[in-house]
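S.K.: Predicted coordinates and the sequence they were generated for:
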Amino acid sequence: MIEIAPFAPSHSAGVVAMILPIQRSEFGISITLDGQPDLQNISGFYQQDAGNFWVALDNEKIVGTVALLDIGNRQAALRKMFVSAEYRGPKYGIAKQLLTTVIDWSHAREVQDIYLGTTAKFLAAHRFYEKNGFVEVARADLPPSFPVMVVDTKFYRRAT
């Protein structure tokens, strides 16, 4: 059974071990752990104000992650949404569980808008976000506080 839980420091190594291979091997993004200081200080970076970071666990194995970064003005950025390849799809429904967790959390903290950036090559992710109420927006329409990543070329917004 899959459990969605808030990040704890004991999850650090498992989060990195899951995310880096997806970024590098699956999607061909040449990024290192050093290039992601947020992954080196998850609690300090994400678990502030209306933000948080969650892991999907199969027993104690991390098989998914999602983060919500508070960017002020009752707005947040969805970050680090990853699910291990063997756990993707409707059989487990992990991506949906992670997103539902973020949306429920946002409602409880009166976050009004969730923004995200992604790359053009994450086509399955685009379909997933659109199916779950996200609407594509132009980069120019992002809030000034939104942290655009170097690889981001496509942006979405969802009102909560």
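M.R.: Okay, I see it.
S.K.: how near is His126 to Val135?
M.R.: 12 Å (CB to CB, to the nearest Å). C-beta coordinates here come from the backbone N, C-alpha and C atoms, glycine included.
S.K.: of those two, who's got more company?
M.R.: His126 (17 against 11; other CB atoms under 10 Å).
S.K.: And what about that one, helix, strand or coil?
M.R.: helix (DSSP: H, G, I helix; E, B strand; the rest coil).
S.K.: shouldn't it be in contact with Lys154?
M.R.: Yes. Taking contacts as CB atoms under 8 Å, His126 lies within contact range of Lys154: 6.8 Å.
S.K.: list residues touching both of these two?
M.R.: Thr118 (CB atoms under 8 Å, 6 or more residues apart in numbering).
S.K.: Go ahead and confirm Val83 touches Asp58.
M.R.: No. Contact criterion CB under 8 Å: Val83 and Asp58 do not qualify, at 11.0 Å.
S.K.: okay, those two: which has more neighbours?
M.R.: Shown here are Val83 and Asp58; by other CB under 10 Å, Val83 has more neighbours (23 against 16).
S.K.: mind listing what the more buried one touches?
M.R.: Per CB under 8 Å, 6+ apart, neighbours of Val83: Ala56, Val63, Gly64, Ile94, Ala95, Leu98.
S.K.: Doesn't the first one belong to a strand?
M.R.: Yes. The assignment for Ala56, made by three-state DSSP, places it in a strand.
S.K.: confidence score at the residue nearest to Asp113 when sequence neighbours are not counted?
M.R.: Closest residue to Asp113 apart from its sequence neighbours, by CB to CB, 6 or more residues apart in numbering: Gln75 at 4.7 Å. pLDDT recorded at Gln75 is 98.
S.K.: so Gln75 bridges to which residues?
M.R.: Gln75 forms beta bridges with Gly72, Asp113, as assigned by DSSP bridges.
S.K.: what about it, how many residues close to it?
M.R.: Count around Gln75 with other CB under 10 Å applied: 21.
S.K.: Could you report the distance from it to Arg157?
M.R.: Applying CB to CB, the value for Gln75 to Arg157 is 9 Å.
S.K.: same question, Ala76
M.R.: On the measure of CB to CB, Ala76 and Arg157 end up 11 Å apart.
S.K.: CA atoms of the worst-scoring helix or strand of the chain on mean pLDDT as PDB?
M.R.: Within the chain, judged by mean pLDDT, DSSP states H and E, the helix or strand with the poorest mean is helix 123-131; its value is a mean of 93. What follows is helix 123-131, C-alpha atoms only, in PDB (Å, rounded to 0.1, in the frame of the first residue of the first chain):
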ATOM      1  CA  LEU A 123       4.300  15.200 -22.600                       C
ATOM      2  CA  ALA A 124       2.600  12.800 -20.200                       C
ATOM      3  CA  ALA A 125       3.000  15.300 -17.400                       C
ATOM      4  CA  HIS A 126       1.400  18.000 -19.500                       C
ATOM      5  CA  ARG A 127      -1.700  15.700 -20.100                       C
ATOM      6  CA  PHE A 128      -1.800  14.900 -16.400                       C
ATOM      7  CA  TYR A 129      -1.700  18.600 -15.300                       C
ATOM      8  CA  GLU A 130      -4.300  19.600 -17.800                       C
ATOM      9  CA  LYS A 131      -6.600  16.700 -16.800                       C
END
